[in-house]
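Peer 1: Below are the sequence and a predicted model for it; my questions follow.
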Amino acid sequence: MPGDNEWTDCDRASNGSYDPNERLALIRRMFAGTPGSLGRRTLRLTRQSAQFPENVRWTYGPVTYVGLNVPGSDNNAPQFDSTGKQIDGDAAEYAARNAANLDWLAQSFAAARAAGSRAVMVVPPARDRGQRTGLRRALTASTLSPPRSGTGATPLSLRPG
């Protein structure tokens with residue numbers, strides 16, 4: 001999953017002063033253009049769409065894994081200074097990707113239920129440290145609910161490092 005160092009933070013002078021949306025487009029072209037994962041032993045991935053190919057899903061054993069593009073820092077959500085002037089982020093990009101993330105999450109839980117998965121592991125690109133735009137908020141704001149007790153399925157969230 002692409003993280004903030006790969007695209008949202010690239011607008012900083014110390015990181016090359018790149019356009020974050022251009023960096024995201026490059027990542028999508030370079031790393032999300034095939035149906036498989038990278039590496040020596042690849043996994044077959046289901047990609048959300050041509051517009052959001054970095055959002056992926058795969059099943060390994062009894063677990064469905066879901067990858068979402070919810071990078072750290074500010075998740076490319078608009079940031080404002082004390083005067084109300086927008087100083088960072090892209091409202092349109094953020095809104096479209098966030099809606100796609102929530103839709104992919106719902107589709108992935110439905111696919112996991114249909115496949116009889118015993119667990120769903122959501123794989124974000126970074127730890128959620130309570131950011132207002134992070135995965136925890138997206139999950140809380142979504143209409144998803146964990147499986148009812150007795151179904152044998154347990155939702156899990158992977159928090160790297």
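Peer 2: Now that the structure is in, tell me what you want to look at. Note that this is a predicted model, so its numbers are computed, not measured. Residues are numbered from 1 along each chain as shown.
Peer 1: ok, the one residue sitting closest to the centre of the chain - contacts?
Peer 2: Compute the mean C-alpha point of the chain, and by Cα atoms, centre = their mean the closest residue is residue 68, 1.9 Å away. Taking Cβ atoms under 8 Å, 6 or more residues apart in numbering, we find residue 68 in contact with 1, 55, 101, 104-105, 122-124, 135, 138. In short, each C-beta sits where N, CA and C put it, glycine included.
Peer 1: Residue 38 too?
Peer 2: Listed by Cβ under 8 Å, 6+ apart, the contact partners of residue 38 are residue 31.
Peer 1: May I have the secondary structure class of it?
Peer 2: Three-state call for residue 38 (DSSP: H, G, I helix; E, B strand; the rest coil): coil.
Peer 1: Backbone dihedrals for the residue nearest to residue 80 when sequence neighbours are not counted, both of them.
Peer 2: Counting by Cβ to Cβ, 6 or more residues apart in numbering, residue 80 lies nearest to residue 86, which is 5.5 Å off, once chain neighbours are set aside. Dihedral pair for residue 86: phi -70, psi 130, per degrees, to the nearest 10.
Peer 1: right, and residue 86 touches residue 92 too?
Peer 2: No: Residue 86 is not in contact with residue 92 according to Cβ atoms under 8 Å; the separation is 12.0 Å.
Peer 1: Give me the pLDDT for the residue nearest to the centre of the chain.
Peer 2: The per-residue pLDDT reported for residue 68 equals 92.
Peer 1: Quick one: neighbours of residue 74, just the number.
Peer 2: Residue 74: 18 surrounding residues under other Cβ atoms under 10 Å.
Peer 1: which phi and psi does it have?
Peer 2: Per-residue torsions, residue 74: phi -120, psi 10 (degrees, to the nearest 10).
Peer 1: same deal with residue 59?
Peer 2: With angles defined as degrees, to the nearest 10, residue 59 sits at phi -120, psi 140.
Peer 1: What is the burial count for residue 97?
Peer 2: 23.
Peer 1: pLDDT below threshold where in the protein?
Peer 2: Counting by pLDDT under 70, the chain contains low-confidence residues at 126-161.
Peer 1: now the strands for the protein?
Peer 2: Assigned by DSSP state E, the strands in the chain fall at 46-47, 56-60, 63-67, 79-80, 86-88, 119-123, 154-157.
Peer 1: so can I have CSV of these showing mean neighbour count and distance to residue 25?
Peer 2: Listed next are the strands of the chain as CSV, based on neighbours: other Cβ atoms under 10 Å; distance: least, Cβ to Cβ, whole Å:
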stretch, mean neighbour count, distance to residue 25
strand 46-47, 16, 15
strand 56-60, 17, 17
strand 63-67, 22, 18
strand 79-80, 12, 21
strand 86-88, 12, 18
strand 119-123, 19, 22
strand 154-157, 14, 28
